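A.B. asks: Would you be able to build a 3D model of this:
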Amino acid sequence: MTYSRQNSIEEQQEAYRKAKQIIAICEQLYITLDPIDWQQYGMRAPVKVNNIEIASLLDLGQRDSDDILRRVQIRLFERAALETIHARPGLKALIWSPVDVVQPQTFLSLWIITLETDERIPIIEFIRNGQRVYEHYQLDRDNGQQLTSLFGPANEGEYHLGDRVTIKDRERQYSGEIIYIIPAGKVLISRRYTSRGPGTAYRDDAASRYIVDCNDGFPHIVYQSQIIQ
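C.D. replies: Numbers count the residues shown, from 1 in each chain. Okay, the predicted model is just below:
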């Protein structure tokens, strides 16, 4: 047997308690964990969902339910994005960006997962048969009804539908076409999680926001201040 504290009975007991605690928390979150081999690995036992390793028992045992959910989401959102494009081995996600949309929706949340290749993959999270499920979201940029269902009625702004613009997003420049304009009164605040720390956040409540298709996956949702030409 391999334990971190010299095969101690105390660690076995601690690992057993922590495993039961984490399993109970995940059940409340609609997450079913794979069996945790605490007998073999003690507190270093990997915690997995559908054979996807989330973290060690020691790591998750020090976190509350919100932190555990976030760790699971990050790994499962990434896996769904990579499977969507049949990614090559070793490819990873860099940025996880939740998108605030009009409620209610048929899904719990919509996230844009940006990969190392700069591809932006939209993934939705929903509950199916009592379990959290993560799947690719199909967006038709020419379907006005779908865009309205996500972001509310279209609005007018200083720029117009069909305009070609250059935007600045996360310190990089992209060029694309404006395909939708979000009303000024609808403030969408995205929380961004990156492999290099928090991403750049933009906010300009007085101006419309623009959905700009830059042909890199899910369109960019930007404030007017992010349009640089």
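
A.B. asks: For the rest of this, base every contact and every neighbour count on C-alpha atoms.
C.D. replies: OK.

A.B. asks: Which neighbours in the sheet does the lengthiest strand in the chain have, and how are they oriented?
C.D. replies: Once the chain is assigned using DSSP state E, the strand that runs over the most residues is strand 172-182. Sheet pairing of strand 172-182 (DSSP bridges) gives strand 164-169 (antiparallel), strand 209-213 (antiparallel).

A.B. asks: And the strands in this structure?
C.D. replies: Using DSSP E, the strands of the chain run over 46-49, 52-56, 93-99, 109-115, 120-128, 131-136, 164-169, 172-182, 193-194, 209-213, 220-223.

A.B. asks: Neighbours of the nearest residue to residue 152 once chain neighbours are set aside, how many?
C.D. replies: Spatial nearest neighbour of residue 152, chain neighbours left out: residue 102 (6.3 Å); criterion: Cα to Cα, 6 or more residues apart in numbering. Number of residues near residue 102 (other Cα atoms under 10 Å) recorded here: 13.

A.B. asks: Same check on residue 132?
C.D. replies: 16.

A.B. asks: repeat for residue 62
C.D. replies: The local packing of residue 62 (other Cα under 10 Å) involves 11 other residues.

A.B. asks: mind listing what residue 132 touches?
C.D. replies: Contacts for residue 132 (Cα atoms under 8 Å, 6 or more residues apart in numbering) come out as 30-31, 125-126.

A.B. asks: Looking at those, spot the one nearest residue 176.
C.D. replies: Minimum distance to residue 176 across those is 27.5 Å, recorded for residue 125 (Cα to Cα).

A.B. asks: I'd like the distance between the closest one and residue 221.
C.D. replies: 20 Å (Cα to Cα, to the nearest Å).

A.B. asks: Residue 93 too?
C.D. replies: For residue 93, the distance to residue 221 equals 19 Å [Cα to Cα].

A.B. asks: likewise residue 81?
C.D. replies: When distance is defined by Cα to Cα, residue 81 is 19 Å away from residue 221.

A.B. asks: re earlier: who wins for proximity to residue 147 among the strands paired with strand 172-182?
C.D. replies: Evaluated over the strands paired with strand 172-182, closeness to residue 147 peaks at strand 209-213, with 9.6 Å, by Cα to Cα.
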